[in-house]
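# Provided below are the primary sequence and the corresponding predicted coordinates.
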Amino acid sequence: MKRILLVEDEESLVNVLTLNLEMENYDVDVALNGAEALEMFNSIYDLVILDVMIPEINGFDVCSEIRKTSLTPILFISAKGTSMDRITGLKMGADDYLVKPFDLEELLLRVVILLNRAKATIEIEIFSFGENQINFKTYEVEAQGKTLTLSKRELDLLRLLITKKNEVISRDEILDEIWGKDKFPTSRTIDNYILNFGKYFEPNPSNPIYFKSLRGVGYKFEIKD
């Protein structure tokens, strides 16, 4: 049974969501404010459903704090529905953002998608190649003799490329997997990530051997087993 931490202070919504999630055979715990959420959160949870406007510590800060130690999927639910609000939520490390009022069936569908995506992801904690080492739990990498701390988006893209090593991944697939439905990036955004990976990891960034862009086709992490 999948365990969900629901962080919401609106009692009527808590009751509706808890009932419907439990009907879908999820085990639901409820936190009524941000401080309680951080106190309750640990690795037993498979998903966090998180409101933005909650007492004590707001949802954005709760998300940011969780992301310091965990890659557990986070779904924001909020009445704050501007593009900037959604962008802020995703930048804080959320996996999806649903604006209130929302259709209950849509929320349940997004829950399924996030849980399935997490299940399908190969669990990698530490990955080494060449002179580089990536720690997916601490967000730190040892690259070309330097220690760097990467963003969640960078780690998510690295994880996707590594789990599909030596395969070409299209831009659309990356958008679906990493950015979800809210496809904010321009065509240059992913290129810029790949260029940054070159600066971090490649012995000679102008002649990459690991992270490659194939014009008009996609991107590839290339490594010999």
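Structure received. Residues are numbered from 1 along each chain as shown.
# and the pLDDT at the spatially closest residue to Leu214 that is not a sequence neighbour?
Spatial nearest neighbour of Leu214, chain neighbours left out: Val168 (6.1 Å); criterion: Cβ to Cβ, 6 or more residues apart in numbering. (Each C-beta comes from the backbone N, C-alpha and C, glycine too.) Confidence per residue is given as pLDDT, and for Val168 that number is 90.
# Ile77 now?
At Ile77 the predicted local distance difference test score is 94.
# the residue nearest to Leu214 and Pro205, how far apart?
For Val168, the distance to Pro205 under the criterion Cβ to Cβ, to the nearest Å works out to 20 Å.
# so who does the residue most central in space within the chain touch?
Nearest to the mean C-alpha position of the chain, counting by Cα atoms, centre = their mean, stands Asp95 at 4.3 Å. Residues near Asp95 by Cβ atoms under 8 Å, 6 or more residues apart in numbering: Pro73, Ile74, Leu75, Leu114, Arg117, Gly180.
# ramachandran coordinates for the residue nearest to it when sequence neighbours are not counted?
Taking Cβ to Cβ, 6+ apart, and ignoring the residues beside it in sequence, Asp95 has Pro73 as its nearest neighbour in space, at 4.6 Å. Dihedral angles of Pro73 (phi, psi; degrees, to the nearest 10) stand at phi -60, psi 140.
# ok, Pro73 - contacts?
Under the criterion of Cβ under 8 Å, 6+ apart, the neighbours of Pro73 are Asp46, Leu47, Val48, Asp95, Asp96, Leu114, Leu115, Arg117, Ala118.
# of the residues you listed, which is the nearest to Ile209?
Here the nearest of those to Ile209, counting by Cβ to Cβ, is Arg117; it sits at 29.3 Å.
# okay, and the closest one sits in which element?
Secondary-structure element containing Arg117, defined by DSSP states H and E: helix 104-120.
# avg pLDDT for that helix?
Mean pLDDT, taken over the full extent of helix 104-120, equals 84.
# quick one: strands adjacent to whichever helix or strand comes after that helix?
Under the assignment DSSP H and E, the closest C-terminal helix or strand after helix 104-120 is strand 126-129. Each strand that pairs with strand 126-129, with its direction, by DSSP bridges: strand 132-135 (antiparallel).
# would you double-check that His147 falls in a helix?
Quick fix: residue 147 reads Thr, not His. No: following the definition DSSP: H, G, I helix; E, B strand; the rest coil, Thr147 is strand and is not counted among the residues of a helix.
# ok, the nearest residue to it once chain neighbours are set aside - how many residues close by?
Counting by Cβ to Cβ, 6+ apart, the nearest residue to Thr147 once its immediate chain neighbours are dropped is Glu140, at 6.1 Å. Counted with other Cβ atoms under 10 Å, the burial measure for Glu140 works out to 15 neighbours.
# follow-up on the earlier one: show me the contacts for the residue nearest to Leu214.
Shown here is Val168, whose contacts under the criterion Cβ under 8 Å, 6+ apart are Leu214, Val217, Gly218, Tyr219, Lys220.
# ok, of these, which one's closest to Asn196?
Checking the contacts of Val168 against Asn196 by Cβ to Cβ gives Tyr219 as the nearest, at 12.6 Å.
# bridging residues for that closest one?
If you apply DSSP bridges, the partners that Tyr219 bridges to are Ile169, Ser213.
# that one reaches Asp172, doesn't it?
No: in terms of Cβ atoms under 8 Å, Tyr219 does not count as a neighbour of Asp172; the distance is 11.5 Å.
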